[in-house]
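**Q** Generate coordinates for the sequence data below:
(chains A and B)
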Amino acid sequence: MMLQSRLFTKTLKSFPKDEEAINAKMLIRGGFIRKMSAGVYAQLPLGLRVLDKINRIIREEMNAIGGQEMLMQALVAKEYWEKSKRWHTDVAYEFKSPFGEEFALGWTHEEVVTAIATHFINSYKDLPLSVYQIQTKYRAEPRAKNGLLRGREFMMKDLYSFHSSKESLDDFYQQVIKAYQKILKRVGLKALVTEASGGAFTKEYTHEFQVLAPAGEDVVFYCKQCDFAQNKEIAHVQKGNICPLCGGEIGSSPAIEVANVFKLGTRYSEAFNLTYTDKDGNRQPVIMGSYGIGPTRIMATLVEVHNDEKGIIWPESVAPYQIHLLELKSKNGALKLNAKKIYKDLKDSGIEVLFDDRDVSAGEKFADADLLGIPWRAVISEKSGAKIELKKRDSKEAKLVGLQELQKLTNN
RNA sequence: CGGAGUGUAGUAUAACGGCAGUAUACGUGCUUUGGGAGCACGUGGUCUGGGUUCAAUUCCCAGCACUCCGACCA
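**A** The predicted structure follows:
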């Protein structure tokens, strides 16, 4: 797939100064991302591969519950925000175009999706429906921080659903919760479904998906035995209390919010006059839900949770490559040929492999392999001979395997 | 937006107000080859604008940038 000698990026020998967050330190040092302004990052080839893997998993689970992918505009005209009374919020980048038109960069898309839906939803027979997009969102954070965890520009998958009854919304809401749990599990995160307040979006309680981690900005109280969890903002329990559901002990921890789900009700459908005709021929406002999950925030959270002092430890499902093939320097020309052949064979069998063919010392290759965190490290050297020395990133033990065994192991 | 701090080479760091140094990276050559190798030579730098001074990386002012704490927020 890729020769490391030709990779666009290089690793840094030291952690960047001016970065404290683990995710920023490791992702920048490894060459996954580059900070271009506070809270504004470029996704470099390695980082984009991770992001694409995360997004692929999200798409699969969204499609599985009937979500239809679309893509809305980032340039959202003032008229849309005015209808929902969200022009002049403090999170929006608002500006006047050279022609005097006023826009806000999309920081959420309830307005846009509702406006679009008015053209296509007419009857109860059209419902329920759901659409989603994966798109860059822009929010004027007064203080960007924690690397990818709080940026001013970040990737978001936002899903919107349309219903003719509260029951239908409730049902879909539960389906999304399950889908989000699957997504988070598949990418390698343990998340708590946490009760929370609706923030700027709704007055109702909502649910957040919180991953316990020291870098988290939220605090959650959770039961150590069952699934009970509440955000500190609304918590009715404290650390050391008895769980109201099961009697277990309540603990508390900082946590990273990687996703959330909201029941919007008819707030936006009324603002945009999104209605359908019911069985009796009466016009009714469409009932809506909105559901967000943040791919870039997931990426950062993965690094926060899966690392050691040497670098990142990517879960296999989202790693930029499956195998990091290292060819150690040798005078033995046959060895070099063998390495090339193994690289080609792996490539041909569809395995994603990063081949470290660089003319650098063994130590540097090992250090880079640990930093980049690709799940399997395969070494070809004088020592391994005709075999391949295979080691998992999070294991200390290596073993000698043949090519076929390697293909099998990493192909699942 | 309030408070604190930091801006020196691609990266990481030194320098009483007195020739801007080291490491690493990069280039060339030789040596080396299992945990960030060695030698030689070479390229490359004081955030911007003012001020004080014979002299400013250093002191002062302003701006800009970044980090952290707070407020705010996915």
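**Q** Check which helix or strand A:Phe154 maps to.
**A** With elements delineated by DSSP states H and E, A:Phe154 resides in strand A:153-163, which encompasses its position.
**Q** For that strand, which strands pair with it and how are they oriented?
**A** strand A:129-138 (antiparallel), strand A:287-293 (antiparallel) (DSSP bridges).
**Q** Most tightly packed of those strands?
**A** strand A:287-293 (a mean of 25; mean count of other Cβ atoms under 10 Å). Any C-beta I mention is one placed from the backbone N, CA and C, and that applies to glycine too.
**Q** can it be found next to RNA strand B?
**A** Yes. Counting by Cβ under 7 Å from any atom of the strand, RNA strand B is contacted by strand A:287-293 at A:Gly292.
**Q** ok, and for the helix or strand hosting A:Leu390, which residues are buried?
**A** Using DSSP H and E, A:Leu390 maps to strand A:388-392. Across strand A:388-392, burial judged by 16 or more other Cβ atoms under 10 Å covers A:Ile388, A:Glu389, A:Leu390, A:Lys391.
**Q** and that strand, what does it pack onto?
**A** With contacts taken as 3 or more Cβ pairs under 8 Å, 6 or more residues apart in numbering; DSSP states H and E, strand A:388-392 sits against strand A:376-380, strand A:398-401, helix A:403-410.
**Q** now these in TSV, with mean neighbour count?
**A** Formatted as TSV, these follow (neighbours: other Cβ atoms under 10 Å):
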stretch	mean neighbour count
strand A:376-380	25
strand A:398-401	14
helix A:403-410	16
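**Q** out of these, which comes closest to RNA strand B?
**A** Closest approach to RNA strand B among the helices and strands packed on strand A:388-392 is made by strand A:376-380 (4.7 Å; Cβ to the nearest atom of the strand).
**Q** what's the angle from that closest one to helix A:403-410?
**A** 170 degrees (axes from the mean of the first three to the mean of the last three Cα atoms, to 10 degrees).
**Q** tell me the domain boundaries of chain A?
**A** Per automatic domain parsing, the structural domains of chain A span A:9-308, A:323-410.
**Q** Quick check: mean pLDDT of the last one?
**A** The average of the pLDDT scores along domain A:323-410 is 92.
**Q** before we move on, what about stretch A:172-179?
**A** In this model, stretch A:172-179 has an average pLDDT of 98.
**Q** now do stretch A:267-280
**A** Stretch A:267-280 comes out at a mean pLDDT of 97.
**Q** In the stretch 51-200 of chain A, where is pLDDT below threshold?
**A** A:198-200 (pLDDT under 70).
**Q** what do you get if the cut-off is 90, keeping everything else the same?
**A** Residue ranges of the stretch 51-200 of chain A with pLDDT under 90: A:90, A:197-200.
**Q** hey, where'd the helices end up in it?
**A** For the stretch 51-200 of chain A, the helices defined by DSSP state H, counting those that start in this stretch occupy A:78-83, A:110-117, A:166-187.
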